[in-house]
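K.L.:
sequence first, predicted model second:
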Amino acid sequence: GFEEAARNARYGALSEECRRVGAKKIALAHTASDNIETVIFNLSRGASLSGMRGIPPKRPQGEFEVVRPLILCTRKEIEGFASENGLSFCTDKTNSNTDYTRNFIRHKIVPLIKEINPSAETRVAAAGEKLSRDESFISDIAKDFIEKNKITNSCKITELKALHPALRSRVMAYMFGTVCSEMLE
């Protein structure tokens with residue numbers, strides 16, 4: 001959709017600028033507030049463990065690394081810091097338009113969750129760190145299975161069915177892509 005196209009254009013422009021100035025990292029200002037929105041969005045689409053982790057603090061982006069130094073800070077904390085220190089900032093005028101899914105989540109759903117737990121943003125970030133560890137562990141075991149069995153793009157169905165479903169889906173995803181891994185579930 002429109003939001004994904006805009007995101008891809010932003011990353012393309014940032015990558016070009018990195019090449020131009022010889023940088024190796026792209027620093028983005030995603031916050032814990034953005035992260036909770038992402039987790040809710042992913043959950044509503046039926047996310048796997050990977051999607052439930054939320055926004056990673058760092059990840060590869062082609063030849064660059066994306067880093068998010070503010071990912072554990074809430075939007076409110078950052079706005080407070082800016083106000084206290086006389087720093088100006090701009091807000092995208094489309095951020096208040098709840099026709100966009102992410103904005104709907106931001107303005108309608110997150111406030112309700114924060115009524116249940118005012119620390120929801122930081123608690124979701126903490127859960128994301130735990131889920132990242134678990135995802136990494138399971139993925140490493142899947143990669144080890146692939147290497148140990150010298151698997152490229154085929155594997156005996158009996159070997160796959162013998163694997164734990166969490167491991168099986170990752171092995172198949174590495175072999176064929178995510179869609180195929182759902183066929184044996």
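P.N.:
Looks like it came in fine.
K.L.:
how near is the closest residue to Arg168 other than its chain neighbours to Arg170?
P.N.:
Leaving out its chain neighbours, the residue that sits closest to Arg168 by Cβ to Cβ, 6 or more residues apart in numbering is Leu160, at 5.4 Å. For the C-beta atoms, the positions are set from N, CA and C on the backbone; glycine is no exception. Here Leu160 is placed at a distance of 11 Å from Arg170 (Cβ to Cβ, to the nearest Å).
K.L.:
now the helices for this structure?
P.N.:
2-21, 32-44, 49-52, 75-84, 101-104, 110-116, 120-148, 157-162, 165-176, 178-181 (DSSP state H).
K.L.:
which one of those has the lowest average pLDDT?
P.N.:
Here the lowest mean pLDDT among the helices of the chain goes to helix 178-181, at a mean of 46.
K.L.:
need the contact list for the residue nearest to Val110 when sequence neighbours are not counted.
P.N.:
Sequence neighbours aside, Ile36 is the residue nearest to Val110 in space, at 5.9 Å (criterion: Cβ to Cβ, 6+ apart). Contacts for Ile36 were tallied using Cβ atoms under 8 Å, 6 or more residues apart in numbering; they are 54, 110, 113, 120-121, 124-125.
K.L.:
now with 6 Å, please.
P.N.:
Contact analysis of Ile36 by Cβ atoms under 6 Å, 6 or more residues apart in numbering lists 110, 121, 124.
K.L.:
tell me which of these is nearest to Ala47?
P.N.:
Val124 (12.9 Å; Cβ to Cβ).
K.L.:
contact partners for that closest one?
P.N.:
Per Cβ under 6 Å, 6+ apart, neighbours of Val124: 36, 39.
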